[in-house]
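[1] sequence first, then the predicted structure, then my questions.
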Amino acid sequence: MSLRLRHHLLLWLIVGLPAAALAGQVDVTSAVDHQSVFIGDLINYTVSITYDSTVRLTPPPIGANLGGFDVKEYHVGEEQKLKGGRLRQTIDFKICTFTTGDYIIPGMPIQYIVPPDSNLKFISVDPLKITVKSLLADTTAVDTVKPRPLKGQISLARSHTTLYIFIAALALLAGTAAYVIIRRRRLKASEAFVDLRPAWEIAYADLALLKEQNLLDKGELKLFYFQMTEIIRKYLGKKFEFNAVDLTTSEIDDALLQMPVPDEIRSELSSFMSDADLVKFAKFIPPPDRPDRDWETAYNLVVKTKDIIYPEPLPPVPEPTPEIVPTPDSSADDNPEWKYAPPELRHRSPHDEREEKS
């Protein structure tokens, strides 16, 4: 082997092997702009995802679970190319809360697929602690809550010009505030978020979030089954366009009889929902491995039904309009003006009229 070839092989081992080890790797970080805020303040929460170019990434859903915080804004940044062929994408949230105390932004699951494997994989964002403080000066005890002291009064000069300017500025500020409040109310009333993702994609994301909450480890068995069946009900309602959320298990089974769902899938779904009802309403405690198997059943039910096409009803066929054939007027054979006679006299002929006169 030549010395030049050895150098090439050594360079490949130094550069190529680490790059191959990074294939399919996904790293996530999270950060907030303030660890301590006052009640009602907006917090900028950013999730950064760094991944290999072969990875297919699924951003977190808009309705991601952020604990006790309300999501006010949600923005997915553009994909950035990094050195070494890796990519980075950021998701920005603006969140707030209106109660005080210590909060935890829970770990958010990030879904991705590494070809050629088609299975969903998950990596969780580290949780972050946020302290929300009150605007009051002392909140150590309810009986001793006191507002902050008043600031010193502003001494206005005895000048009418300054007073007029102050009044005008105050009126302008009040008008602007009223305009902003009215506009926000109108926008809030007119805006209704519609999730345009397919029903199966929403169900996958919700089931993944349910698994990341670790409700079973916390002993929240009934809550786990409530949320899992609610996900399936919402999926069925969006998939087959009926109000499955407000129906009982037997009513859902009757509704699916009218839809193109195979009998074995419908039977499996009915059995799954009935067993879950025992846990939710009859205080039934299943075996330790049963909840995980029920989660797998819910996931497989989505897989088996996501490609079913629900045919749209055909538009009604309009009935043909009967053709009106005019009948000859027998009263117009001798006198053309007879056709203008009253309807009760049109059956009489001019010949009968002449006989009556004679």
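    Perfect, thanks for sending it.

[2] what's the first helix or strand after the helix or strand encompassing residue 175?
    Applying DSSP states H and E as the criterion places residue 175 in helix 160-190. Downstream of helix 160-190, the next assigned helix or strand under DSSP H and E is helix 199-212.

[3] run the chain-centre distance for that following helix.
    Counting by C-alpha atoms, centre = their mean, to the nearest Å, helix 199-212 is centred 11 Å from the centre of its parent chain.

[4] show me what counts as buried in stretch 45-53.
    Buried residues in stretch 45-53, counting neighbours by 16 or more other C-beta atoms under 10 Å, are found at 45, 47-52. Every C-beta, even on glycine, is put in place using the N, C-alpha and C of the backbone.

[5] so which of those residues belong to helices?
    Residues of the buried residues of stretch 45-53 located in helices (DSSP state H): none.

[6] and which of the residues you listed is nearest residue 166?
    Nearest to residue 166 out of the buried residues of stretch 45-53 is residue 45 (C-beta to C-beta; 39.7 Å).

[7] leaving out chain neighbours, which residue sits closest to residue 265?
    Among residues not flanking residue 265 along the chain, residue 304 sits closest, at 5.4 Å (C-beta to C-beta, 6 or more residues apart in numbering).

[8] where does the one you found fall, phi/psi-wise?
    With angles defined as degrees, to the nearest 10, residue 304 shows backbone torsions of phi -70, psi -20.

[9] neighbours of it, how many?
    By other C-beta atoms under 10 Å, 15 other residues sit near residue 304.

[10] could you pull out the helices for the stretch 1-150 of the chain?
    3-21 (DSSP state H, counting those that start in this stretch).

[11] low-scoring stretches of it, by residue?
    1-24, 59-65, 118, 137-149 (pLDDT under 70).

[12] centroid-nearest residue for this structure?
    With distances taken as C-alpha atoms, centre = their mean, the residue of the chain nearest its centroid is residue 195 (4.3 Å).

[13] any idea how far the nearest residue in space to that residue that is not next to it in sequence lies from residue 55?
    In this structure, residue 195 finds its nearest non-sequential neighbour in residue 202, 6.1 Å apart by C-beta to C-beta, 6+ apart. Residue 202 sits 22 Å away from residue 55, going by C-beta to C-beta, to the nearest Å.

[14] off-centre distance for stretch 283-294?
    Counting by C-alpha atoms, centre = their mean, stretch 283-294 comes out at 29 Å from the chain centroid.

[15] buried ones in it?
    Buried residues in stretch 283-294, counted by 16+ other C-beta under 10 Å: 291, 294.

[16] hmm, who's touching that stretch?
    Contact with stretch 283-294 is made by 216, 221, 224-225, 228, 272, 275-276, 278-279, as judged by C-beta atoms under 8 Å, 6 or more residues apart in numbering.

[17] in helices only, show me the residues you listed.
    221, 224-225, 228, 272, 275-276, 278-279.

[18] quick one: low-confidence parts of the stretch 251-358 of the chain?
    The stretch 251-358 of the chain contains residues with pLDDT under 70 at 310-317, 319-358.

[19] let's see 90
    255-261, 280-284, 306-358 (pLDDT under 90).

[20] now the strands: where do they sit in it?
    Counting by DSSP state E, counting those that start in this stretch, the stretch 251-358 of the chain forms no strands at all.

[21] that one: helices as residue ranges?
    Ranges of helices within the stretch 251-358 of the chain are 263-281, 290-305, 350-357, based on DSSP H, counting those that start in this stretch.

[22] residue 234 and residue 170, how far apart?
    Distance from residue 234 to residue 170, by C-beta to C-beta: 50 Å.

[23] tell me which of the two has more neighbours.
    Using other C-beta under 10 Å as the criterion, residue 234 and residue 170 rank with residue 234 on top: 16 against 10.

[24] would you mark the buried spots in stretch 233-247?
    Within stretch 233-247, the residues that count as buried by 16+ other C-beta under 10 Å are 233-240, 242, 244, 247.

[25] from the chain's centre, how far out does that stretch sit?
    Centroid separation between stretch 233-247 and its chain, computed with C-alpha atoms, centre = their mean, is 14 Å.
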